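Asker: coordinates only, no sequence provided:
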DNA sequence: TTGAAAGCGCTAACAT
DNA sequence: ATGTTAGCGCTTTCAA
């Protein structure tokens, strides 16, 4: 039942209203420069024909797409949270979000290429794994804002959480509860992992707990969290800080299966405050990244670059905030 | 440090390679009709200039977008799996996937509207919640393929799993192991829930276990699974079939926390065979939806409709397959 | 206030 | 195998 007729074009409207295309163009864009009567006649004609401007042609001619390309990992819950907030942040800006997913069968290069082809005017990359050099090269072509990862290159903008500070807050919280044997399950080479490790080490040292500091190789998946937890079972600490919530989920699961009560026997702190952590039955104490602020900053920064506004700092660091929930408690002695 | 130079166009590549625009156009689209050497030279020139075709101009000229719009829920792991396979399925077809996410702040209507504005030629909707009437109306404007939900309307194509059959397989498996007290935690009003309930009831009946049949209200989130599991704790069956893997995860979690061993005390079967189920530490027995086949069919169907090919059946039902993993075992007596 | 004409970057039909 | 030409639907000079 699809209507077979061609869509109306600007020329059709012009013909029907008995004016030139330019006039119609003006009126459709609400620009001044057309007589009141003419304007009315044109709007009428457009309405009668059910005319809607073709945005592609419009963009082609004006040389702009008003598109913000977003590359995200479809497997990452926290990226889902960020995407959610990016849509919101872009809503009133006059720019639109174009999504491109990284999947097990589609790497970042491919995801990025698609967006480039759509002539996005800037790219927002969520925790990209590509080497700095690639990102820098990309940034020679269009503004690039990296979210939730640190990149030391003058060409790319960065909006990230003060990750070291986040781990410090986690450790402080645990120490305040009375913990000393606090382990960190890290994120390996994942974005942010190095800084979180550093934050953990510094915090332990500043509490005079160097002797207890212990880092277990983890990762960013449940899988890797579970494996790390199994290592832990031989020599259980009273508290664990984990690279992210997803990984912490794996840790919690293994602990539960081996009869270790959380937080009774072991306290656990995650990172991200992703959807996972907020689930009532998980109720994970975690370091919240301020997704709303970060995405707003990222969108704002991207647009500033597009429009050539002066930008003060390449890197914006957003403070994290510890969210205390049910997986932390004083150690039993 | 962004190079101030204009973005490379097809004409630039042509100039650099010393050939005409048409030749470049051919080569970029991988069409036959260019010599091997020329082709190489053109590709080189394109690479050196960092050339990417402008999809808007392409669309404008050819009157087509070759875009397949995909609407998915960013919170649903299984949708993530489907999106992954959709990219793969579309890879060699000459069509591209355009993603639009449903988030807590962005409903299906909005997600769909974005895709329409992008002039997608067909829509693939993953488990849409919109009423049939809305979907039917949409289908008057362009081909619509609904994935993983049943829709009884002659205007929309459907590719889905034989959900009743899936639950039958789950129950059969459990009965074969010796279970009788088998409970179903359902999906409420979620897509597929009604049919899975029916499959469960029929299977129980066919085994003469009507007396044991019991359905607990669940849902499609971990949250709802956890709540349902808590209800179960008062009167624990020996086995549970759950609406989907995500919900089953909540069930497993609550059982573990209350000291119920899986599969020792209770066997659990999920649905979807999503990433969650395959995690080594979860190792969930589940009913696999054949995502690869379903996505291939959905893409094929969408393209058939676009290109006006004859389509035999509106609805394609793909058989499910029980994947036995570690959460099911004979009951202890 | 209005219109004519020249493209934006590309593809397609038609040469050669 | 390669080049020429004419637009797609719109915006944007520039003239009238």
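Answerer: Arrived safely, thanks for sending. Nothing here was measured: the structure is a model prediction, and the numbers come from that model.

Asker: can you name every helix or strand that the lowest-mean-pLDDT helix or strand in chain A contacts?
Answerer: Within chain A, no helix or strand scores below helix A:55-62, which has a mean of 86 by mean pLDDT, DSSP states H and E. In terms of contacts (3 or more C-beta pairs under 8 Å, 6 or more residues apart in numbering or on different chains; DSSP states H and E), helix A:55-62 is packed against helix B:55-62. For glycine as for every other residue, the C-beta is placed from the backbone atoms N, C-alpha and C.

Asker: quick check: what element follows the helix it packs on along the chain?
Answerer: Counting by DSSP states H and E, the element after helix B:55-62 in chain order, helix or strand, is strand B:67-73.

Asker: on that earlier part again, which residues are contacting the least confident helix or strand of chain A?
Answerer: Residues lying outside helix A:55-62 but in contact with it, judged by C-beta atoms under 8 Å, 6 or more residues apart in numbering or on different chains, are A:65, A:66, A:119, B:54, B:56, B:57, B:59, B:60, B:117, B:119.

Asker: how near is the closest residue to the third one other than its chain neighbours to DNA strand D?
Answerer: By that I understand residue A:119. Nearest non-adjacent residue to residue A:119, counting by C-beta to C-beta, 6 or more residues apart in numbering or on different chains: residue A:65, 4.4 Å away. With the distance defined as C-beta to the nearest atom of the strand, to the nearest Å, residue A:65 ends up 13 Å from DNA strand D.

Asker: if we can go back for a sec, is the least confident helix or strand of chain A in proximity to DNA strand C?
Answerer: Yes - with C-beta under 7 Å from any atom of the strand as the measure, helix A:55-62 is seen reaching DNA strand C through A:57, A:60, A:61.

Asker: among these, name the buried ones.
Answerer: Among the residues of helix A:55-62 next to DNA strand C, the ones that count as buried by 16 or more other C-beta atoms under 10 Å in any protein chain shown are residue A:60.

Asker: before we move on, the earlier item: OK, contacts around the residue nearest to residue A:119?
Answerer: Going by C-beta under 8 Å, 6+ apart, residue A:65 touches A:59, A:118, A:119, A:120, A:121, B:56.

Asker: circling back to that earlier point, just how off-centre is the least confident helix or strand of chain A within its chain?
Answerer: Centre-to-centre, helix A:55-62 and its host chain are 29 Å apart (C-alpha atoms, centre = their mean, to the nearest Å).

Asker: ditto for stretch A:256-265
Answerer: What separates the centre of stretch A:256-265 from the centre of its chain is 32 Å, taken as C-alpha atoms, centre = their mean.

Asker: ok, is that stretch in contact with chain B or not?
Answerer: Yes - residues of stretch A:256-265 are located near chain B by C-beta under 8 Å from any C-beta of the partner chain, namely A:256, A:257, A:259.

Asker: can you get me a residue count around the first one?
Answerer: What that stands for is residue A:256. Residue A:256 sits with 20 neighbouring residues when counted by other C-beta atoms under 10 Å in any protein chain shown.

Asker: could you pull out the helices for chain A?
Answerer: With DSSP state H as the criterion, chain A has helices at A:10-17, A:21-28, A:36-49, A:55-62, A:77-90, A:108-117, A:132-139, A:163-177, A:193-206, A:222-232, A:245-257, A:275-278, A:291-306.

Asker: hey, which of those is tucked in deepest?
Answerer: Of all the helices of chain A, helix A:245-257 carries the top mean neighbour count, a mean of 26, counting by mean count of other C-beta atoms under 10 Å in any protein chain shown.

Asker: got the angle between that one and helix B:222-232?
Answerer: If you take axes from the mean of the first three to the mean of the last three C-alpha atoms, to 10 degrees, helix A:245-257 sits at 20 degrees to helix B:222-232.
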